[in-house]
Structures are given as C-alpha cells and as structure tokens.
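Asks: Sharing a model prediction with you, sequence too.
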Amino acid sequence: MDYSQIVREIITRKGSNAFKTPEKAELNYLKSLNLPDEVLDFYSQYSPIATIEINNIRLLPISKILEENANYTPGYILRPLDFCVVATTFEGDVYCVRNTPDGYFMVIASHDEIYENQSVEEILSGTKKVAETFPEFLKAFMAEELVISFYDLEEQ
C-alpha cells in the first residue's frame, strides 16, 4: 500500500513533517503485537513523531500505542483478545485493529462499555466495526468521517 498521499495531506494540514523513521525497538514492539502487514508497513515508513489529531480523533505514535495497549482501559483489556489500539478519540473511546483467524478489520471500542471481569461476549459487544482495512480507516480519518464516540454509531 502506498501511503504517500495520506502522509502528504497530514503534513500539509499540520504545517510540518509529522513523521520519522521508527527505532528498531519500536518496530519490534509493533511486530510483537501481531499487526497486519498493512499496519506495519505504514508505521515502518511513516511513524508519527507525536499524536496527530484531526477532528478530535488522535492517530497515535508508537510510544502511545504501547501505553494504550498496556496501561489504559479499554486497551489493556482488549489486547489479549487480539485487538490493538492505534487511535483514540476526544471522548476517550479507541480505534483498534482487530485480528481474526480470517484477517483483520478496524473497530471503535467504548471506554464506558468495556471494563475488567467481563466475559469475552460482553467485551465484544462494546466494539463496532468501522472499516475493513487500515488504509480505509486512514482515509476516513483524513476525510473526518470517523465518529468521536462509540455511541454515535448507534444513532446512525
């Protein structure tokens, strides 16, 4: 996947280069998360220097991906179920890559609906599919089409 157009648009909106070459340790961390090649390709070429916020959605740099998936709700609860937080919202919800035996897709997960000691079924009910692929997610991010709350999808 060629991410250069999306990257150029982000740089244009932000007024400066928002990306860097990731450190080897950062790439190794991402690989340990069993992320799809499309996600790894993006971050290996265009690692955000800092959080990139557009329309109250925050695309995370690798250091924040680590924090969200290890320390914060719902990321650390979702991580054992093969989810990986890659973006957050102003409302506190998260956008995740969801790995499945058949591939992956992108979801929004509610920080209100997901908490400790829930069954897998209860946790999954706090997520909703938002895109088939990471490139589709990035395009929606740039087009300001992503919702800032899990509950916004219930209204559609």
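Replies: Perfect, I can see it now. Numbering: from 1, shown residues only.
Asks: Low-confidence stretches in this protein?
Replies: 155-156 (pLDDT under 70).
Asks: how much space between the residue of it most remote from its centre and residue 16?
Replies: Outermost residue of the chain with respect to the C-alpha centroid, by C-alpha atoms, centre = their mean, is residue 117; its distance is 23.5 Å. Using C-beta to C-beta, to the nearest Å, we find residue 117 at a distance of 44 Å from residue 16. C-beta coordinates here come from the backbone N, C-alpha and C atoms, glycine included.
Asks: hey, where'd the helices end up in the protein?
Replies: 4-14, 24-32, 37-45, 62-71, 75-78, 120-124, 134-142 (DSSP state H).
Asks: Put together a markdown table for those helices, with mean neighbour count on each row.
Replies: What follows is those, written out as a markdown table (neighbours: other C-beta atoms under 10 Å):
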| stretch | mean neighbour count |
| --- | --- |
| helix 4-14 | 14 |
| helix 24-32 | 13 |
| helix 37-45 | 18 |
| helix 62-71 | 18 |
| helix 75-78 | 20 |
| helix 120-124 | 13 |
| helix 134-142 | 19 |
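Asks: Tabulate these (JSON lines), appending distance to residue 149.
Replies: Below are the helices of the chain laid out as JSON lines (distance: least, C-beta to C-beta, whole Å):
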{"stretch": "helix 4-14", "distance to residue 149": "23"}
{"stretch": "helix 24-32", "distance to residue 149": "27"}
{"stretch": "helix 37-45", "distance to residue 149": "23"}
{"stretch": "helix 62-71", "distance to residue 149": "17"}
{"stretch": "helix 75-78", "distance to residue 149": "17"}
{"stretch": "helix 120-124", "distance to residue 149": "18"}
{"stretch": "helix 134-142", "distance to residue 149": "15"}
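Asks: Any idea which of those helices gets closest to residue 148?
Replies: Among the helices of the chain, helix 134-142 comes nearest to residue 148, with 11.8 Å by C-beta to C-beta.
Asks: so how far is that closest one off the chain centroid?
Replies: Offset of helix 134-142 from its chain centre (C-alpha atoms, centre = their mean, to the nearest Å): 10 Å.
Asks: So which elements touch it?
Replies: helix 4-14, helix 37-45, strand 57-59, strand 103-109, strand 127-131 (3 or more C-beta pairs under 8 Å, 6 or more residues apart in numbering; DSSP states H and E).
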